[in-house]
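> Provided below for reference: sequence and predicted model.
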Amino acid sequence: MTRHPFSDPPSLGEGDTTYRRRRLIWEIALVLLVTVGQSAIYSVVSFVRTVTRAPISQQQTQLNPSRSAEPLWDAVYQFLDIAFSLALVALVVFLLWEPANNALHRIGLDFRRFGSDILRGVLLLLLIGVPGIGVYAIGRALGQSIAVVPAPLDSSWWVIALLVLAALRAGLTEEVIFLGYLFDRLRRLGWSWTGIIVSTALLRGSYHLYQGWPSALGNVVMGLVFGWCYRRWGRVMPLVVAHTIIDIVAFVGYPLAAAWWPAIFAPPTPAVTPTPSPTVTP
């Protein structure tokens with residue numbers, strides 16, 4: 001029988017309490033070091049490197065950078081990168097799985113309420129996505145946000161399909177790990193709901209710090225809202241839907257915005273070495 005994601009977790013008082021707690025802490029640490037935690041560390045280092053060089057407004061970072069100068073091989077490498085990232089998401093779901101307790105049902109990553117999940121996802125898109133664009137635009141206008149350079153859309157016919165997959169990868173990676181996994185594991189360690197929501201929101205913000213502190217702050221707010229919604233709904237699917245749509249708009253629509261409002265969205269013209277983005281797609 002599937003257990004509700006926020007029902008009381010199995011007590012750590014049974015059996016060897018110290019062993020079980022240490023094992024859980026090590027599991028969380030290792031999962032973070034190969035997924036979003038790794039990217040957060042790279043992002044913080046990238047930001048520190050950025051502020052010690054040229055002005056932030058003259059620097060840039062790439063979304064979904066090319067892996068090869070040859071379009072076909074670039075597509076192959078991009079697809080493999082997405083597939084291996086999704087394998088890490090599958091690993092996290094596997095760790096959440098329990099006997100007679102379907103992890104996908106427990107965290108709400110299924111299609112049982114797909115209609116309401118889509119509706120909630122669209123509402124979150126309007127609540128978070130639209131203001132997020134404004135935060136980036138204000139940050140660029142103030143010279144505090146690093147210019148984000150999207151992948152060009154006219155290189156090959158399969159580019160848009162790969163960008164949609166990359167957006168899905170980002171939605172699943174962040175929401176399943178930040179919410180589905182960490183909420184479960186930190187709750188088992190006895191953390192309060194407030195502590196869990198705030199800490200995962202701060203981790204989400206550091207994950208995006210390579211884009212500049214305004215984007216990081218915007219993602220902290222997003223993490224607080226998403227965390228509250230997950231705590232209330234008990235389902236990660238609407239958050240995956242919202243995040244995926246937000247990233248599709250960013251990956252596919254950004255080149256159009258750069259053409260229409262080059263002063264804000266176009267990358268800087270000075271020849272400054274691009275700031276490296278994290279290894280896991282934001």
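The structure has been received and is ready for your questions.
> so which elements touch the longest helix along the chain?
Secondary structure of the chain read by DSSP state H shows that its longest helix is helix 71-96. Contact here means 3 or more C-beta pairs under 8 Å, 6 or more residues apart in numbering; DSSP states H and E; on that basis helix 71-96 packs against helix 17-34, helix 103-107, helix 159-175. Every C-beta, even on glycine, is put in place using the N, C-alpha and C of the backbone.
> so that helix versus helix 159-175, what angle?
Interaxial angle of helix 71-96 relative to helix 159-175 (axes from the mean of the first three to the mean of the last three C-alpha atoms, to 10 degrees): 20 degrees.
> leaving out the residues flanking it, which one is nearest to residue 195?
In space, residue 195 comes closest to residue 186 once its chain neighbours are excluded; the distance is 7.6 Å by C-beta to C-beta, 6 or more residues apart in numbering.
> how many other residues sit next to the one you found?
When counting by other C-beta atoms under 10 Å, one arrives at 19 neighbours for residue 186.
> that one and residue 199 touch, don't they?
Yes: with contact defined as C-beta atoms under 8 Å, residue 186 counts as touching residue 199 (7.4 Å).
> which residues does the residue lying closest to residue 27 once chain neighbours are set aside contact?
Closest residue to residue 27 apart from its sequence neighbours, by C-beta to C-beta, 6+ apart: residue 95 at 6.7 Å. By C-beta atoms under 8 Å, 6 or more residues apart in numbering, the residues touching residue 95 are 27, 31, 181.
> highest neighbour count among the residues you listed?
With neighbours set by other C-beta under 10 Å, the maximum within these is found at residue 181, which has 27 neighbours.
> thought that one was touching residue 92?
Yes: contact criterion C-beta under 8 Å: residue 181 and residue 92 qualify, at 4.8 Å.
> could I get the helices and strands packed on helix 71-96 as TSV with distance to residue 191?
Converted to TSV, the helices and strands packed on helix 71-96 look like this (distance: least, C-beta to C-beta, whole Å):
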stretch	distance to residue 191
helix 17-34	11
helix 103-107	17
helix 159-175	19
